[in-house]
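Enquirer: here are the coordinates; sequence isn't available:
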């Protein structure tokens, strides 16, 4: 029997907490259980309200930090109860927290994730590792993406070139060449714009299977404007977030086009935009992949998966084909990162984040 860890993750889509139980044995990672805890509308709106500048931010952040810490702890405890385990069976918790601001460039780059790990360690009785991104930034990196290191550990194959593409609110690519991580970076928006648009027009959290997008027509003028976004032409390493791709930005693009498309046509164009940004970055890689594997919420969008398949140079499948449910990959990644930290092993990849060296990530909050 190996060591058990729990990874806690809330991503850019802000749809809920993913709690994933993993077992690590001789550097092999196996998913043992998963629990998805959706946010209620009020909590989700509070999080989204802190993702852009507004009044009274410090007080609101302080209160939400505590709320989310307790919510993360409840998710971990529920997962342990579900599996009929004891906190003593768990070697550690890795909590990504909830990103509310990510500014990787400028004179004083910073990134901020909340969900107080003191609350998690106290309420679970389990040593918790959190604040994974800032040590990489202290070493000159962008603090993101961090999942590629786990992708290498879980999905690499000595004789294949694989692309692992996580499509959450933001999309990112891990380029695995044999057992090496050749590169990794954010490609641009994943589901965030589509989710925000359907929330505005239909009151839904996401476009199930991409049905609404499929009902519309791509608007070439809007698509062309969006593809001019400066982030898309930046060299790697690079990372992005809601600071770059948000509904206010989309509204600005809509003001610039001749004829305003229908809401369904905008949704279709947003789906195409996500697929085009991923595809363009794939084509810029120096070698052709043997396989492309999708994880994250985007893997459940059949319209998006179909369009990616049409644009891609090889077969596109979900990471289920490689043995891990696509919805459980990111949670597993932070459980694995907790294991790295508590083993005093390095957790970042300078080729991905731009850091000057490999470092041990995260702060440790002992039970």
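Expert: Structure received. Small disclaimer: the values here were computed from a predicted structure and weren't measured. Numbers count the residues shown, from 1 in each chain.
Enquirer: what's the domain layout of this protein?
Expert: According to automatic domain parsing, the chain is divided into the following domains: 3-143+327-365, 148-322.
Enquirer: End to end on stretch 132-145, go ahead and measure it.
Expert: Its first and final residues considered, stretch 132-145 spans 11 Å by C-alpha to C-alpha, to the nearest Å.
Enquirer: quick one: buried residues of it?
Expert: Neighbour-count burial for stretch 132-145 flags 132, 133, 134, 135, 136, 137, 139, 141, 142, 143, 144, 145 (criterion: 16 or more other C-beta atoms under 10 Å). Glycine gets a C-beta too; all of them are placed from N, C-alpha and C.
Enquirer: which one of these sits closest to residue 299?
Expert: Closest approach to residue 299 among these (C-beta to C-beta): residue 145, at 16.8 Å.
Enquirer: On the pLDDT front, check the closest one for me.
Expert: Looking at residue 145, its pLDDT reads 94.
Enquirer: what's the single longest strand in the protein?
Expert: Longest strand in the chain, counting residues (DSSP state E): strand 90-103.
Enquirer: what's the offset of the helix or strand following that strand from the middle of its chain?
Expert: The C-terminal neighbour of strand 90-103 among helices and strands, as given by DSSP states H and E, is strand 110-114. On the basis of C-alpha atoms, centre = their mean, to the nearest Å, strand 110-114 sits 14 Å off its chain's mean C-alpha point.
Enquirer: go on, stretch 293-301?
Expert: With C-alpha atoms, centre = their mean as the basis, stretch 293-301 stands 11 Å off its chain's centre.
Enquirer: Now the terminal residues of that stretch, how far apart.
Expert: End to end - C-alpha to C-alpha - stretch 293-301 spans 14 Å.
Enquirer: average pLDDT for that stretch?
Expert: Computed over stretch 293-301, the mean pLDDT rounds to 96.
Enquirer: and what of stretch 324-336?
Expert: In the prediction, stretch 324-336 has an average pLDDT of 96.
Enquirer: And stretch 7-18, by the same measure?
Expert: Here stretch 7-18 scores 93 as its mean pLDDT.
Enquirer: Next: stretch 97-116.
Expert: 95.
Enquirer: End to end on that stretch, go ahead and measure it.
Expert: Start-to-end, stretch 97-116 (C-alpha to C-alpha) is 8 Å.
Enquirer: Next: stretch 149-168.
Expert: End-to-end distance for stretch 149-168, by C-alpha to C-alpha: 17 Å.
Enquirer: Tell me which residues of that stretch come out buried.
Expert: Quick answer for stretch 149-168 (16+ other C-beta under 10 Å): 149-156, 161-168.
Enquirer: Now go through the residues you listed and say which are in helices.
Expert: Judged by DSSP state H, the subset of those located in helices is 149, 150, 151, 152, 153, 154, 155.
Enquirer: I'd like to know which of these is nearest to residue 63.
Expert: Nearest to residue 63 out of these is residue 150 (C-beta to C-beta; 31.5 Å).
Enquirer: who's in contact with that closest one?
Expert: Counting by C-beta atoms under 8 Å, 6 or more residues apart in numbering, residue 150 touches 29, 329, 332, 333, 336, 337.
Enquirer: so how far is residue 279 from the closest residue to the fourth one other than its chain neighbours?
Expert: Okay, so that is residue 333. Computed as C-beta to C-beta, 6 or more residues apart in numbering, the closest residue to residue 333 that is not its neighbour in sequence is residue 150, at 3.7 Å. For residue 150, the distance to residue 279 equals 24 Å [C-beta to C-beta, to the nearest Å].
Enquirer: Next: residue 82.
Expert: Distance of residue 82 to residue 279, computed by C-beta to C-beta: 39 Å.
Enquirer: Who has more neighbours out of these two?
Expert: Taking neighbours as other C-beta atoms under 10 Å, residue 82 and residue 279 compare with residue 279 leading, 17 against 13.
Enquirer: From what I see, that one and residue 310 are in contact.
Expert: No. Using C-beta atoms under 8 Å as the test, residue 279 is too far from residue 310 to be in contact (9.1 Å).
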